[in-house]
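J.: 3D model of this:
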Amino acid sequence: MKFKNLINEISESKSIKYGIYALGALVVLFFVFQAGMIAGFRKASFGRDWGDNYTNNFGSPHKFLKLGGDLGDFGNLPNAHGAIGKIIKVELPTIVVFDGKDQTEKIILINDQTKIMKGREVVDQIALKVDEHVIVLGQPNTTGQIEAKLIRFIPVPPAQPIK
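T.: The predicted structure follows:
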C-alpha cells in the first residue's frame, strides 16, 4: 500500500509533470534541429558535388565561390532541388538550364517519370528547345546534376532595368 501511495504522490507532483513536459519539449527541439541539419547537409553536399564535377559537366574550370566570398557564406550555394531559367542546351536525356537566380548552369536529367507541362497540358521531351524558359523541380544526385521530377514551361520574364 505504501508503494502505491508513493507512486500516486509522484505522479501528482507538479515538478514531475513540468519535468516531463520539459523533457518532451527537448525531444521535439532535437528533432527540429536534426531536420535542419539534414536539409543543410543536403544543400551543402549538392554545392560541393556541383563544384567538384563542374569540369566533367561543362568542360571548363569554374570558381565556385564569388570573388571575395567567405567560406561560411552559404548564400553562394546553388539551389539543389531545381532551377528557374532559360534552356541553353538540349541533348536528351539531359538539358542545361541557366538559372538566373543562382547565375549558374545546371544539368537536368530527364527520365520516364519526369512530367513535362506546358500550361495544363503534359507534353513530350521533344518540346524542350533552346531559349525556352522553364521551372525545374527535382532531386540532386552525387554528380552535381538534378534528376527532374517536373519541368514546367513559363512565359519569358520581363526585362529587368539596368541599375
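J.: who are the packing partners of the longest strand seen in the chain?
T.: Secondary structure of the chain per DSSP state E: the longest strand is strand 82-91. Secondary-structure packing of strand 82-91 (3 or more Cβ pairs under 8 Å, 6 or more residues apart in numbering; DSSP states H and E): strand 94-99, strand 104-109, strand 133-140. No exception for glycine: its C-beta is placed from N, CA and C like everyone else's.
J.: how about these in CSV, adding mean neighbour count and distance to Ile154?
T.: Shown next, in CSV, are those (neighbours: other Cβ atoms under 10 Å; distance: least, Cβ to Cβ, whole Å):
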stretch, mean neighbour count, distance to Ile154
strand 94-99, 20, 12
strand 104-109, 21, 15
strand 133-140, 19, 5
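J.: Phe33 is nearest to which of those strands?
T.: strand 133-140 (22.4 Å; Cβ to Cβ).
J.: any low-confidence regions in this structure?
T.: Residues of the chain that meet the criterion pLDDT under 70 lie in 1, 3, 54-80, 159-163.
J.: cutoff 90 now
T.: 1-21, 38-85, 99-105, 119-120, 139-145, 154-163 (pLDDT under 90).
J.: and the longest helix belonging to the chain, what's buried?
T.: The single longest helix within the chain, with elements called by DSSP state H, is helix 14-52. For helix 14-52, a neighbour-count test (16 or more other Cβ atoms under 10 Å) marks 43, 46-47, 49-51 as buried.
J.: which one of the helices and strands packed on strand 82-91 lies nearest to Gln34?
T.: With Cβ to Cβ as the criterion, Gln34 lies closest to strand 133-140 of these, at 19.8 Å.
J.: of all the residues in the helix or strand that that closest one is followed by, which ones are buried?
T.: Using DSSP states H and E, the next helix or strand after strand 133-140 towards the C-terminus is strand 146-153. Buried residues in strand 146-153, counted by 16+ other Cβ under 10 Å: 146, 148, 151, 153.
J.: so the last one bridges to which residues?
T.: With DSSP bridges as the criterion, Phe153 is bridged to Val134.
J.: wait, it sits on Glu121?
T.: No: assessed by Cβ atoms under 8 Å, Phe153 is found out of contact with Glu121, at 9.8 Å.
J.: before we move on, back to that, nearest to Phe33 among the buried residues of strand 146-153?
T.: The closest of these, once distances to Phe33 are taken by Cβ to Cβ, is Ile146, at 27.2 Å.
J.: what's the closest non-adjacent residue to that closest one?
T.: Among residues not flanking Ile146 along the chain, Gly138 sits closest, at 4.4 Å (Cβ to Cβ, 6 or more residues apart in numbering).
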